[in-house]
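Chemist: coords please:
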Amino acid sequence: MSYYGIHHLVRRVLLIPCRLLPMIYRQESIHPIAGLLAARYLYIYDNSLSSLENLSALTNLRGLVCKNNALTSLPALSTQTLLEDLDCSNNPITNLPSLSGLSSLRNLYVYNCALQSIPSLTSNTALRILNANNNQLSVLPDLSSNALLVELSVSSNPLTALPSLTNATLLRRLYASYCQLTQVPSLSSNTVLDTLELQYNQLSELPDLSSNTALHKVVVIGNQLSFSDLKPLTLLPLYPGNFKLFPQDTLGVYQEVKVSELNSYTFSTSIDSGFSNVVFTWLKSGAVLYQGAEPTFTLPYAQERNEGRYACEISSGDPVFSNQKILLRPLDLLVETCLETGGNCNPVITPDADGVNDEYFVSETAEVKIYSKNGQLIQEFHSPAGWDGTDKQGKLVPMGVYFIRINEQERISVTVIIQ
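Modeler: Coordinates of the predicted model:
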């Protein structure tokens, strides 16, 4: 079939399937189509086109579908003022031409391309659908003029934020998963929104969705949302419906903490600390160290054996969160000895009758008194003699730091460690 044969057969719709294209053009590009001025729809998908040149003569085009080719760019579309549908998906296109003259454009499909930006859409006030999934977009254009927008699909892009959607009051579907979003704009004016997919981003909070009562599908798994963040979703009228809230990514920030030997260290978190009916479980290498309602756990005297990775699990007694857990990012604790920190090392006794460091010996002749950190007299004796970590009643004192005064003058700090 010849080029002119198609021209006479089709005047309003030009459909060029893959099997016919080589017969017509004998090359991998489309050149000016002078004899098809009346064509309203141009379908040239599923071919091997590497270029699409000069469509300026086709001023009656309502639809241009050139998806599934090898196009790296599109020609100028300034004369296609009646264009309503543009689909150039599945092409290695890096930039789009200006769309400023396309005031009738309703549907824009540019998914699975290599776009680094989308041109201004402020004049495309008729736009209903924008699908730009799987590109290289780090920012989206202003959408404040697109009040008729019904669907916004921008998943699988390196986006950290979305533009304001306040004016898109007809928006029903928002797809922005597998991005790098750290926040979502207010959706309070999008009251007919029924689908919200935000999975696998970096969200640590959600906007107020109490006015989005039409939501029947919400997917927010793989973020950094706490029970406090997720609870409002369970109060929406169509919950649980197609709501997917778990699992979440680990929350918080990884920490590496150094603490001086024998000093105390308190593990704490503010995540869900004010949320009712939660249990915090602190673990080291999988072993439970503390479990309770308080978000803190204190290590009274850090020793070398306390070094390692610590983690916290948060569980909720709320029935809507049954058997679900929130995990915090780990903390690696490093214990520095006094020699490593360059300080003066306190003597250490370990009164466990193993013959090693069981007492602190005072060699000079003197009156010796032992005090606790709060000034309480614990023990007294005359030296030369040793202190074995017991009080006046002969009971072993609690682990901690004690002060030895010799003739009420010299003060020595001694640390008692109970193994």
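
Chemist: So the closest residue to residue 234 other than its chain neighbours, which state does it fall into?
Modeler: Ranked by C-beta to C-beta, 6 or more residues apart in numbering and with sequence neighbours excluded, the top spatial neighbour of residue 234 is residue 320, at 4.5 Å. Any C-beta I mention is one placed from the backbone N, CA and C, and that applies to glycine too. Of the three states, residue 320 takes helix under DSSP: H, G, I helix; E, B strand; the rest coil.

Chemist: Am I right that residue 320 is in contact with residue 233?
Modeler: No: the criterion here is C-beta atoms under 8 Å, and residue 320 misses it with residue 233 at 9.3 Å.

Chemist: State the distance from the residue nearest to the spatial centre of the chain to residue 357.
Modeler: Within the chain, one residue has its C-alpha closest to the average C-alpha position: by C-alpha atoms, centre = their mean, that is residue 202, at 1.4 Å. Computed as C-beta to C-beta, to the nearest Å, the residue 202 to residue 357 distance reads 50 Å.

Chemist: now do residue 115
Modeler: For residue 115 relative to residue 357 (C-beta to C-beta), the value is 69 Å.

Chemist: Comparing these two, which residue is more hemmed in?
Modeler: residue 115 (22 against 13; other C-beta atoms under 10 Å).

Chemist: What helix or strand is the more buried one located in?
Modeler: In the assignment (DSSP states H and E), residue 115 maps to no helix and no strand.

Chemist: Put the alpha carbons of stretch 346-355 into CSV.
Modeler: Once non-C-alpha atoms are left out, stretch 346-355 reads as follows in CSV (Å, rounded to 0.1, in the frame of the first residue of the first chain):
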residue,chain,number,x,y,z
ASN,A,346,39.5,6.1,88.6
PRO,A,347,40.6,3.0,90.4
VAL,A,348,38.2,0.2,89.9
ILE,A,349,37.4,-2.7,92.3
THR,A,350,35.4,-5.7,91.5
PRO,A,351,34.6,-7.4,94.8
ASP,A,352,33.7,-10.8,93.5
ALA,A,353,36.3,-12.9,95.5
ASP,A,354,38.2,-13.9,92.3
GLY,A,355,41.5,-12.5,93.7
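
Chemist: where's that stretch relative to the chain centroid, distance-wise?
Modeler: The chain centre lies 49 Å from the centre of stretch 346-355; the measure is C-alpha atoms, centre = their mean, to the nearest Å.

Chemist: what's the answer for stretch 70-89, then?
Modeler: That offset, for stretch 70-89, works out to 35 Å (C-alpha atoms, centre = their mean).

Chemist: May I have the distance across that stretch, first residue to last?
Modeler: 10 Å (C-alpha to C-alpha, to the nearest Å).

Chemist: And stretch 99-111, by the same measure?
Modeler: 17 Å.

Chemist: Mind listing residues that contact that stretch?
Modeler: Contacting residues not belonging to stretch 99-111 are listed as 62, 67, 77-90, 93, 96, 118-135, 153 [C-beta atoms under 8 Å, 6 or more residues apart in numbering].

Chemist: for stretch 399-418, same thing?
Modeler: 262, 300-301, 303, 346-352, 360, 362, 364, 366-373, 378, 383, 387, 389, 396-398.
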